Each structure stands twice: as structure tokens, then as C-alpha cells.
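>>> could you look at this predicted model? Sequence included:
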Amino acid sequence: GGISGIACAAALTEAGRPVTVRDRGHRLGVRMASRALRNSDTGFDGRPVDIGASYFTASNPEFVATVERLVEQGVVRPWTDTFHVATRDGIEGVKTGPMRYAAPRGLRSVVEALAPSDADIRRGDEVRRVATTKVSGRIAGLESVGGFGGKAVALASGELYSGNPAFYKKELLETASVTP
């Protein structure tokens, strides 16, 4: 669900392939994550703040064309190509480089704008479902009676592989605590 995954999804969609995008969060973005300020008791509440990357650059001609389109749509804006270089002794000078782009609604909005409209996008609840399924399957296996399986095998495996007969409990707790 980050910009690379969305770029792949867009290329596959353009080639006529069906696409499923999985993102562990509630919204697309990954390293281009943004959150809205809340409870700051200032006029900035509701304003998006980038908590991942705060800007990006573009040098690949195809991506430059995409960025130009995003600028026209108001999704991104040119920010700066100049930084002041600071040391502990103060400002040492100015360094220029490529244009950096920012997004008024946070960089997550870039990923959302580039996502193919017909892609099947699955978010955090899918991750929780997988963890729950794994834990419930493990518990069902512990309840086996007769034949092979059940608690005796789990205890023996834990002792054999980790030196801890209660390892299965640790494993269940870790799996159950997985969050999107």
C-alpha cells in the first residue's frame, strides 16, 4: 500500500491485470504516512502532518511527468530546492539540489491519488483476520484427542526446538498481538 506497491498496481491495471493491494494500515501510505493534528488547542487541529517521508524529489522522466500532473491537480506543490546547512556553530551556508515536493494534504494523499480506481484494496482488518485465523487454528490443534497432535505434541515440540515446553503459549500471545 505504499508508493511502490501502488505504482506496481497501476502498471498491472494498465496492462489489463486484476490487482489486489494489501496494506496493514487503515489507509494507504506506508512510509508516506500522514496524520491529522488533534487536541493541540491551536488553530492547526485537523491539519495533516507527515510522520513518514516529508517530501520527495523526481528525476526519472516518467515520474517527473506524473509529478507535473499531480501539481496540476493540486495534490502536490513544489516546496524548495535550497537548504541552509547548520552545524553546532550556526548556519554554515546554503546548499541547493533538486526540487523537493510536498503535499498540502500530506504525502499519503499522493499514494491515494495514484491508486488505480479499480484495484481491490485491502487494509488492516485483513491482517487482524489472518492473525485470528492462525491463533484459532493453533488452539484447535491443541484440543486434539487421540492419535497424533494435541497438547502433548505442542509441549514436546516446544521443549525440543526451544527448550521451553510453554513455547506454544508465547507463540500464541505474539501472534494474537499482531496489529495492523
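Cool, got the structure.

>>> spatially central residue for the protein, please.
Closest residue to the average C-alpha location of the chain: Val30 at 2.4 Å, with C-alpha atoms, centre = their mean.

>>> and it, how far from Arg123?
12 Å (C-beta to C-beta, to the nearest Å). Every C-beta, even on glycine, is put in place using the N, C-alpha and C of the backbone.

>>> mutual contacts of the two, please.
1, 23 (C-beta atoms under 8 Å, 6 or more residues apart in numbering).

>>> one step back: once you drop chain neighbours, what's closest to the residue nearest to the centre of the chain?
Leaving aside its sequence neighbours, Val30 sits nearest to Gly2 (C-beta to C-beta, 6 or more residues apart in numbering; 3.2 Å).

>>> rewinding a little: do I have it right that the residue nearest to the centre of the chain meets Arg22?
No: with contact defined as C-beta atoms under 8 Å, Val30 does not reach Arg22; the gap is 11.0 Å.

>>> what sits in contact with each of these two?
Residues touching both Val30 and Arg22 (C-beta under 8 Å, 6+ apart) are Gly1.

>>> need the per-residue pLDDT for Arg22.
pLDDT recorded at Arg22 is 78.

>>> dump stretch 97-104 to PDB, restricted to CA.
Output of stretch 97-104 as PDB, limited to C-alpha atoms (Å, rounded to 0.1, in the frame of the first residue of the first chain):
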ATOM      1  CA  GLY A  97      19.700  20.500  -5.000                       C
ATOM      2  CA  PRO A  98      16.700  19.000  -6.800                       C
ATOM      3  CA  MET A  99      13.300  20.500  -6.300                       C
ATOM      4  CA  ARG A 100      11.600  18.900  -3.300                       C
ATOM      5  CA  TYR A 101       7.800  18.400  -3.500                       C
ATOM      6  CA  ALA A 102       5.400  18.500  -0.600                       C
ATOM      7  CA  ALA A 103       1.600  17.700  -0.400                       C
ATOM      8  CA  PRO A 104      -0.800  20.100   1.200                       C
END
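
>>> what mean pLDDT does that stretch have?
94.

>>> centre of the chain to it, how far?
In terms of C-alpha atoms, centre = their mean, to the nearest Å, the centre of stretch 97-104 is found 21 Å from the chain centre.

>>> so which bits of that stretch are buried?
Residues 99-103 are the ones in stretch 97-104 that count as buried (16 or more other C-beta atoms under 10 Å).

>>> export these to CSV and tack on distance to Val85 and secondary structure?
Formatted as CSV, the buried residues of stretch 97-104 follow (distance: C-beta to C-beta, whole Å; DSSP: H, G, I helix; E, B strand; the rest coil):
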residue, distance to Val85, secondary structure
Met99, 18, strand
Arg100, 15, strand
Tyr101, 21, strand
Ala102, 20, strand
Ala103, 25, coil
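
>>> understood, closing this out.
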